[in-house]
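# build me a model from this:
(chains A and B)
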Protein chains: 2
Amino acid sequence: MKRTNLITFAALAGVAAALAARAAEALPSWNDGLAKNSVLQFVAKVTQADSPDWVPPGERIAVFDNDGTLWAEQPMYFQAFFVFDRVKALAPQHPEWQTQEPFASLLKGDLKAAMAGGEHAAGQLLMATHAGMTSEEFEKSVRDWIATARHPKTGRPFTEMVYQPMLELLAYLRANGFKTFIVTGGGIEFVRPWSERVYGIPPEQVIGSSIKTKFELRDGKPVLVRLPEVNFIDDGPGKPVGIQMHLGRRPLAAFGNSDGDLAMLQWTAGGRSPRFCLYVHHTDAEREWAYDRASSIGRLDEGLAEAQAKGWTVVDMKSDWKRVFAFETK
Amino acid sequence: MKRTNLITFAALAGVAAALAARAAEALPSWNDGLAKNSVLQFVAKVTQADSPDWVPPGERIAVFDNDGTLWAEQPMYFQAFFVFDRVKALAPQHPEWQTQEPFASLLKGDLKAAMAGGEHAAGQLLMATHAGMTSEEFEKSVRDWIATARHPKTGRPFTEMVYQPMLELLAYLRANGFKTFIVTGGGIEFVRPWSERVYGIPPEQVIGSSIKTKFELRDGKPVLVRLPEVNFIDDGPGKPVGIQMHLGRRPLAAFGNSDGDLAMLQWTAGGRSPRFCLYVHHTDAEREWAYDRASSIGRLDEGLAEAQAKGWTVVDMKSDWKRVFAFETK
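Numbers count the residues shown, from 1 in each chain, chains lettered A, B, ... in the order given. Take a look at the predicted model:
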């Protein structure tokens, strides 16, 4: 070994040791392995001052899917629980719902019958609970619900069903000058009321699906009224569109868990400089849920194949994460 | 005068002196007067730690109209110059435009005849120059144009037609923990390519009008294609809608210059805690332009009446600003 090689080797070993030390501090719920290392290496690559791939802090933008990436999404999307609970809460003001589908079946507790009407039924339930009030009234209904509702399996508040390793990842990226965004197929105004408290992500950094709203003066008081009309679906090919609409630039890193996130990861990966794409793979039936190709919720099929082909990071929840939820006892 | 009152008076005098000193440094192009004082007093009120109206930095959001508020808008909106120049640049690829209105008249230099077709003609020109390319191609066309185009009256690049006092105001607010946003009736992707360099406002803090876009894979390469269909008009009652869509919370301060900004100012003023609303009134025919109630561009009529009734700050450009543009010699 030549002397210069020796020096290079020593320098690299030093960098590796420093990285490892930083990692242990930064991502305590991640097991050492390929997934964790790929995160650390990418962050080092774009943040170290002498790196040829250094990126200015303002351009270090990381986008995260929410359902199944930051919090759980089983046995169904958590926003669906909100819809069902709100229908029950609003039922006294709507006596007609006692005989009108899909409300009648839902109020009788027959979810299957309620959903027999497919997308049309789902749309009716969504609009009945998300439209017809002001933006402030809707925000209050989300705040009140999220403060009290519980997950049917764990009995925990939904905001505790967030993945501890992903919270650490968000904090780690922000500590390295990244600006973190949520890009959710769920409702933008459903996530905003609690995203800052739970994820450290302020409302203006949440991108999501929306219905139309209208500005009005009511007795001289300005209000935004939520209308029963879809404005934007932030899912699948909608995610890059939503990202461009809100950010106006391509993210540096993207994190998802399903085929609905594939276009977002493709769009991110398509940038000129190095980019980072990561899929969370639900492989842990014991601590969370195990599902991918055959799941109706959060299906990961095409995306998994593309991740393998492109060399994107795939987190194996069972082996890569020391724990999934903060409330786990062991 | 009682001793306690004396102390209070001395303390207040001290605060006033400190404020005045800070003001002279912070807003050098503003004359002392009601307008400048109202800004300083509001900023002090929401930022001083012992103030009952203190607001956490993350919630100090200030929104600015662009045309006529941050840069000039006469003799027509600057984006219209972009449209006309682009039609000329694209004409060789469109031989049919030589005989097709409104393109034919425009290419002959007869703007009046070109615009005789009203909104329909304007829409055709807009879509011919803003749609049909990828988002990256459009961004490049804006960057190339803004680097070379000149204002017909001053011969200056359009990015020098920005108001020096407003640049100082943006910087002053940011130095006091405010996050500054543009909320423009103009195109969101027309402003983003230069907003950071000119205003210090990054692309993700620009809200504006938009056309629809579509995600596509072209030979495996992900692109966003701009479609000839209006997505959102960020003007008048659209401004509060755009603000809620992008920010998810009500601004603390709003700055505009026309009736098209009135809903934004009303929405801002409607918040519970103290808010700040300011109109820039174009009163200086010598250094800039003088227009308000009767102007077809940037009409300020209803808004001026409401500002007077509600006690909002109205900047008299002639008397409140020491200079309008940085390039002024005196």
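
# partner residues bridging residue A:210?
Counting by DSSP bridges, residue A:210 is bridged to residue A:232.

# go ahead and confirm residue A:320 touches residue A:30.
Yes: Residue A:320 lies in contact with residue A:30 (CB atoms under 8 Å); the separation is 6.4 Å. (Glycine included, C-beta is placed from N, CA and C.)

# between the two, what contacts are shared?
Shared contacts of residue A:320 and residue A:30, defined by CB atoms under 8 Å, 6 or more residues apart in numbering or on different chains, are found at A:36, A:165.

# who's more crowded, these two?
Set residue A:320 next to residue A:30 and count neighbours by other CB atoms under 10 Å in any protein chain shown: residue A:30 wins out with 25 against 22.

# is it correct that that one is in contact with residue A:36?
Yes: using CB under 8 Å, residue A:30 and residue A:36 qualify as a contacting pair, with a distance of 4.3 Å.

# near chain B, which residues of the stretch 201-330 of chain A show up?
Within the stretch 201-330 of chain A, the positions adjacent to chain B are A:202-204, A:206, A:210, A:213-215, A:217, A:221-222, A:224, A:231, A:237-241, A:244-249, A:263, A:266-267, A:269-270 by CB under 8 Å from any CB of the partner chain.

# for those residues, which PyMOL command selects only the ones that are buried?
A single PyMOL command is used to select the members of these judged buried by 16 or more other CB atoms under 10 Å in any protein chain shown:
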select buried, chain A and resi 202+203+204+206+210+213+215+222+224+231+237+238+239+240+241+244+245+246+247+248+249+263+266+267+269
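
# from the residues of the stretch 201-330 of chain A next to chain B, which land in strands?
A:206, A:210, A:213-215, A:217, A:221-222, A:224, A:231 (DSSP state E).

# show me which pair in those is furthest apart.
Greatest spatial distance in those: A:206 and A:217, 27.3 Å, computed using CB to CB.

# and residue A:137, how far is that from chain B?
Look at residue A:137 and chain B: by CB to the nearest CB, to the nearest Å, they are 13 Å apart.

# quick one: what helix or strand has that residue in it?
Residue A:137 is part of helix A:135-148 when elements are defined by DSSP states H and E.

# name the helices or strands packed onto the following helix or strand past that helix?
With elements assigned by DSSP H and E, the helix or strand that comes after helix A:135-148 is helix A:164-175. Counting contacts by 3 or more CB pairs under 8 Å, 6 or more residues apart in numbering or on different chains; DSSP states H and E, helix A:164-175 packs against helix A:3-26, helix A:34-47, strand A:61-64, strand A:179-187, strand A:253-256.

# mean pLDDT for the ones you listed: which is lowest?
Lowest mean pLDDT within those: helix A:3-26, a mean of 57.

# what about the closest residue to residue A:115 other than its chain neighbours, which helix or strand?
Nearest residue to residue A:115, sequence neighbours excluded (CB to CB, 6 or more residues apart in numbering or on different chains): residue A:121, at 6.0 Å. Assigned by DSSP H and E, residue A:121 falls within helix A:118-130.

# run through who's touching that helix.
In contact with helix A:118-130 (CB under 8 Å, 6+ apart) are residues A:82-84, A:86-87, A:90, A:94, A:101-103, A:106, A:114-115, A:117, A:138, A:141, A:187, A:190, A:211, A:226, A:228.

# and these, which of them are in strands?
The strands in this structure, assigned by DSSP E, contain A:187, A:211, A:226, A:228 from the contacts of helix A:118-130.

# among the residues you listed, which ones are buried?
Judged by 16+ other CB under 10 Å, buried ones among these: A:187, A:211, A:226.

# secondary structure class for the residue in the stretch 51-200 of chain A that chain B sits nearest to?
Residue nearest to chain B within the stretch 51-200 of chain A (CB to the nearest CB): residue A:192, separated by 4.4 Å. Here residue A:192 is recorded as helix under DSSP: H, G, I helix; E, B strand; the rest coil.

# in stretch A:145-160, what counts as buried?
Neighbour counts over stretch A:145-160 (16+ other CB under 10 Å) mark A:145-146, A:151, A:157-160 as buried.

# closest to residue B:45 among those residues?
For those, the nearest to residue B:45 is residue A:146 (32.2 Å; CB to CB).

# am I right that residue A:236 is in contact with residue A:265?
No: counting by CB under 8 Å, residue A:265 is not a contact partner of residue A:236; they are 11.5 Å apart.

# where's the spatially most central residue of chain A relative to residue A:76, distance?
By CA atoms, centre = their mean, chain A has its centre lying nearest to residue A:66, at 1.3 Å. Look at residue A:66 and residue A:76: by CB to CB, to the nearest Å, they are 14 Å apart.

# return the residues in contact with residue A:318.
So, once contact is read as CB under 8 Å, 6+ apart, residue A:318 ends up touching A:283-284, A:286-287, A:290.

# now with 10 Å?
By CB atoms under 10 Å, 6 or more residues apart in numbering or on different chains, residue A:318 lies in contact with A:281-288, A:290, A:324.

# which of these fall within helices?
If you go by DSSP state H, these have nothing in helices.

# of those - the most surrounded one?
Counting by other CB under 10 Å, top hit in these: residue A:282 with 25 neighbours.
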